[in-house]
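Student: Pasted the sequence and its predicted model underneath.
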Amino acid sequence: MQRLYDFIRRHPTGVDIFWAVVLLGLSGVFIVGDPSRGTQPLAAVPVVIGLCLVVALRRRAPEKMLLLAVAAGVAQLVLDVRPSVANFAMLVITFTVATVGERWASRLALVCSLGAAGLSQLRWPSETRGGWVQEVFVVVVMTVPFVLAWVLGDSMRTRRAYFSQLEERAARLEREREAQSKVAVAAERARIARELHDVVAHNVSVMVVQADGAAYVMDAAPDQARQALETISGTGRQALAEMRRLLGVLRTGDSQESGEYVPQPDVEQIEDLIEQVRRTGLAVDFKIEGTPRPLPTGVELTAYRIVQEALTNTRKHGGPDAGASVRLVYFDDGLGLLVDDDGRGAAHELYEDGGADGAGHGMIGMRERVGMVGGTLDAGPRPGGGFRISALLPLKPAH
């Protein structure tokens, strides 16, 4: 049965042709068996053939077959060809155009369905003596199947349109979901890139400075060289720990298994960061104003990374004997950051042309971080020389 059902679904026109042949055979038997019906029996042959053709091609050209059925019905009235089993095709085409035909064809089929029985009764009055009441009853009984066929076809049209809208909506939601996934992936990649830049730029910069210093004083001051190597070792371990945490988000299930990832840096670790920078030879003055209090995680991480990147830039661009100062100011509605240095300053492109300094994207990362928490960032040369970075981070994200 399943194979037969699949065959019927794959060959709908073939099925229609089969039923058209059956209808043609039954109509032929009807005409031959009772040739006295109608004044012109031979005229019934083209009418029957036309109605059978309507059944055969109803799916291929429903509107044209409806017009052919209407023409066959008019020919029956004019040529005095009484209704026969072939007129079942009119019921079939009414259902078909109501289901898949154009709207004008559906309306025309409904109008013809409502008037066909009445015209037939007027052309061939009933021979029984039941009066006009019986004639009206016969008209109603003959009209009901056509109306039901049209209503059923129109209901199927509405149902198909509804399911089509559901499929379109599901496809649109799927496309939107894919677009949102791509945006989320891009945002996560950008976040990881910022974190990796901050970790690598700061820690590697510290390691390079300490390695240069150790090589310079290796023979003259072994103790200082040993201290520099210890700083390099500690900085390397810290960099590896942060990189394991960052790369862990690219793996599945590693965060529960390895147990090697550390929490995100916060404001309290800024002092440790400054101590680490001081050990590299950069003089840094650090002050906190206001009353320290817990801050949102995003604000604390942003503040830490801004200070880290600003001090890294001071080492890279400040020149020899540069000094820096870091100020944290707790306001009622936010956290202020001010990082100054008295070095020779950075190139103009560092803070004007997108934040690129020719070797990285530190300023771009700072601006993106501040923008994500709804804050503001100003960066540029300060009066009297040097460079200044000022940021205001609100406690609540901007709407």
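Tutor: Yep, that arrived. Numbers count the residues shown, from 1 in each chain.

Student: Only C-alpha atoms from now on, for both contacts and neighbour counts.
Tutor: Noted.

Student: Show me the contact partners of the host helix or strand of Gly73.
Tutor: Using DSSP states H and E, Gly73 sits within helix 62-79. Applying C-alpha atoms under 8 Å, 6 or more residues apart in numbering, the contact partners of helix 62-79 are 39-40, 43-44, 47, 50-51, 53-54, 57-58, 81-83, 89-90, 93-94, 96-97, 100-102, 105, 109, 112, 120, 123.

Student: Now, of those, which are buried?
Tutor: Among the contacts of helix 62-79, those scoring as buried are 44, 47, 50-51, 53-54, 57-58, 81-83, 89-90, 93-94, 96-97, 100-101, 105, 109, 112, 120 (criterion: 16 or more other C-alpha atoms under 10 Å).

Student: which regions of the stretch 101-250 of the chain lie under the pLDDT threshold?
Tutor: 127-130, 198-199, 201-202, 245-250 (pLDDT under 70).

Student: Near Val206, how many residues? Count them for me, please.
Tutor: 23 (other C-alpha atoms under 10 Å).

Student: any idea how far Leu24 is from Phe286?
Tutor: Going from Leu24 to Phe286 by C-alpha to C-alpha, to the nearest Å gives 102 Å.

Student: Looking at the two now, which is surrounded by more residues?
Tutor: A direct count of neighbours by other C-alpha under 10 Å for Leu24 and Phe286 places Leu24 higher, at 21 against 15.

Student: got the contact list for the more buried one?
Tutor: When the contact criterion is C-alpha under 8 Å, 6+ apart, the partners of Leu24 are Val48, Ile49, Cys52, Ala86.

Student: Got phi/psi on the closest residue in space to Asp154 that isn't next to it in sequence?
Tutor: Among residues not flanking Asp154 along the chain, Ala98 sits closest, at 4.9 Å (C-alpha to C-alpha, 6 or more residues apart in numbering). Backbone torsions of Ala98, given as degrees, to the nearest 10, read phi -70, psi -20.

Student: What is the distance between stretch 316-330 and the centre of its chain?
Tutor: Distance of stretch 316-330 from its chain centroid, counting by C-alpha atoms, centre = their mean, to the nearest Å, is 46 Å.

Student: what comes up buried for it?
Tutor: Buried residues in stretch 316-330 (16+ other C-alpha under 10 Å): His317, Gly318, Ala322, Gly323, Ala324, Ser325, Val326, Arg327, Leu328, Val329, Tyr330.

Student: can you list contacts of it?
Tutor: Residues from elsewhere that reach stretch 316-330 (C-alpha under 8 Å, 6+ apart): 205, 282-292, 307, 311, 314-315, 335-346, 386.

Student: Repeat the analysis, applying 7 Å as the threshold.
Tutor: With C-alpha atoms under 7 Å, 6 or more residues apart in numbering as the test, stretch 316-330 has contacts from 282-292, 335-346.

Student: what is the mean pLDDT for it?
Tutor: For stretch 316-330, the per-residue pLDDT values average out at 84.

Student: pull the CA atoms of that stretch into PDB?
Tutor: Extracted C-alpha coordinates of stretch 316-330, given in PDB (Å, rounded to 0.1, in the frame of the first residue of the first chain):
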ATOM      1  CA  LYS A 316      57.000  50.700  24.800                       C
ATOM      2  CA  HIS A 317      56.700  54.400  23.900                       C
ATOM      3  CA  GLY A 318      57.700  56.400  26.900                       C
ATOM      4  CA  GLY A 319      61.400  56.200  26.400                       C
ATOM      5  CA  PRO A 320      64.200  55.900  29.000                       C
ATOM      6  CA  ASP A 321      63.600  57.300  32.600                       C
ATOM      7  CA  ALA A 322      59.900  57.600  32.100                       C
ATOM      8  CA  GLY A 323      57.500  57.600  35.100                       C
ATOM      9  CA  ALA A 324      53.800  56.900  35.400                       C
ATOM     10  CA  SER A 325      51.000  57.500  37.800                       C
ATOM     11  CA  VAL A 326      47.700  55.600  38.200                       C
ATOM     12  CA  ARG A 327      44.600  57.000  39.900                       C
ATOM     13  CA  LEU A 328      41.500  55.100  40.800                       C
ATOM     14  CA  VAL A 329      38.500  57.300  41.800                       C
ATOM     15  CA  TYR A 330      35.400  55.800  43.200                       C
END
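
Student: Could you point out the helix or strand that follows whichever strand or helix holds Val326?
Tutor: Following DSSP H and E, one finds Val326 within strand 323-330. Once strand 323-330 ends, the next helix or strand along the chain (criterion: DSSP H and E) is strand 334-341.
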